[in-house]
Each structure stands twice: as C-alpha cells, then as structure tokens.
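S.K.: how would this look folded up:
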Amino acid sequence: MTPEQQAIFDAAIAANSSTLDGYDAAIHEPVFVGESLRGYQAKSNPEPVKPELILASVTDLATGQAISPQEPGNLISMKAGTTCRFRVEQQMNGEVISQVPDGQGGYVPNNAEFALPLAGLLGTAPRIIDIAFVGGIAEFDVTWKTPGLWEVTVAEVNMDIADPAQHFAFAGCRIKVRE
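M.R.: Residues are numbered from 1 along each chain as shown. As a prediction, this is how the structure comes out:
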C-alpha cells in the first residue's frame with residue numbers, strides 16, 4: 001500500500017466508512033483502484049486468530065464493588081487485606097469458548113486448570129495462582145495480604161504451553177496492593 005493509499009484507508013476507518021462494513025484486519029486487506037478505496041477482500045494468508053484471555057471483572061468481595069482496571073497497563077489497585085474475585089474468560093471473536101473439539105468430530109466442555117504465575121515487580125515476591133476454567137470461564141478469589149506490585153503478561157500466560165499454535169492473546173494486567 002502506498003503512503004497515499006494508507007492515508008485514504010486510515011481516513012475511511014476513522015470515518016466508519018460503509019465501504020469497510022465487516023472489515024477485520026486479521027483476515028481482510030483493503031482493495032484500491034488507483035488511489036480510490038473500493039472495499040476489501042480476504043487476505044491470501046490471513047494471520048491465525050488466537051483465542052484470547054479476557055479479564056472480564058474484578059470485584060472486592062467485602063464491599064461487592066467492582067474494581068475497574070486503569071490505564072496504563074490494566075492496573076488493578078487495592079489495599080492490603082483485600083480479597084478479590086476475578087472472572088477470566090477464554091474468548092474467540094468476542095464469544096466465550098465454552099466447548100472445544102474432541103479430536104473425533106465432536107465437542108467437549110472447555111474445562112481446564114493451570115497455574116498462572118504473577119511476576120513480582122520492584123522487589124515483590126512472585127505468586128502463582130491456580131485457575132480452573134469451566135465452560136471457558138474461570139472465577140477465583142485471591143486475598144492480597146501484603147503490599148506489592150505484580151504483573152501478568154502474555155509471556156506468563158503462555159509460558160507452559162509448548163505449542164505456539166495453542167497460545168492465547170492477552171492484554172496483560174498489573175496488580176498494585178498498597179498499605
């Protein structure tokens with residue numbers, strides 16, 4: 001794409017042009033005739049779409065209040081002694097992946113358990129949290145007893161998954177516990 005075509009394409013995206021209704025950058029590419037945007041077509045080699053781990057909610061169990069992640073870095077902040085319920089969903093294209101192929105043409109519930117490492121930052125000791133998915137959804141409680149700063153990145157999420165084709169996309173998050 002020429003710089004001029006890129007500018008036209010960017011303007012069409014920004015303007016929510018009807019020419020691009022249904023456009024998905026992972027599987028489509030724009031079609032130009034000269035410098036005129038005509039629509040889009042399937043990529044010849046689309047990027048594989050990865051399942052995604054979504055931090056759907058964090059709730060302070062004592063108050064029942066939602067804790068909204070803040071930017072930058074999806075920062076979740078609370079006081080020491082807080083117990084939070086986390087809800088994490090395995091999603092594909094915005095939908096919970098409740099079933100997975102069984103290898104024999106059928107499907108089975110998407111139930112899995114794994115240990116999620118939380119990398120300690122600024123001298124904070126790391127933690128490992130057990131997460132169990134049932135139907136593609138995990139809800140788990142964590143008590144944050146001591147102050148510190150932790151981070152979960154896509155690297156931690158995928159560190160024990162040997163096959164890169166099975167890796168998850170993940171936006172990451174940081175957890176700050178204050179005195």
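
S.K.: Assess the claim that I27 and V49 are in contact.
M.R.: Yes: under the criterion of Cβ atoms under 8 Å, I27 makes contact with V49 at 7.5 Å. For glycine as for every other residue, the C-beta is placed from the backbone atoms N, C-alpha and C.

S.K.: hmm, what's the outermost residue in this structure?
M.R.: Here the centre of the chain is the reference, and by Cα atoms, centre = their mean the most remote residue is G34, at 37.4 Å.

S.K.: List the buried residues for stretch 112-120?
M.R.: Neighbour-count burial for stretch 112-120 flags 116-118 (criterion: 16 or more other Cβ atoms under 10 Å).

S.K.: what's stretch 125-141 in contact with?
M.R.: Stretch 125-141 has contacts (Cβ atoms under 8 Å, 6 or more residues apart in numbering) with 61, 83-91, 96-99, 109-120, 142, 148, 150.

S.K.: Mark which of those are part of strands, please.
M.R.: Of the positions in the contacts of stretch 125-141, 83-91, 96, 99, 109, 112-120, 142, 148, 150 sit in strands, assigned by DSSP state E.

S.K.: Any buried residues in the lowest-mean-pLDDT helix or strand in the chain, and which?
M.R.: Least confident helix or strand of the chain, by mean pLDDT, DSSP states H and E, is strand 36-42 with a mean of 73. When burial is assessed from 16+ other Cβ under 10 Å, strand 36-42 yields the following buried residues: 37, 40.

S.K.: Also stretch 134-145?
M.R.: Of the residues in stretch 134-145, 136-139, 142, 144 count as buried by neighbour count, 16+ other Cβ under 10 Å.

S.K.: What angle do strand 36-42 and the helix ranked longest in the chain make with each other?
M.R.: Ranked by residue count and defined by DSSP state H, the top helix of the chain is helix 3-14. If you take axes from the mean of the first three to the mean of the last three Cα atoms, to 10 degrees, helix 3-14 sits at 70 degrees to strand 36-42.

S.K.: Sheet-wise, list the partners of the helix or strand following helix 3-14 with their directions.
M.R.: Towards the C-terminus, the helix or strand next in line after helix 3-14, according to DSSP states H and E, is strand 28-33. Applying DSSP bridges to the sheet, strand 28-33 is found paired with strand 36-42 (antiparallel).
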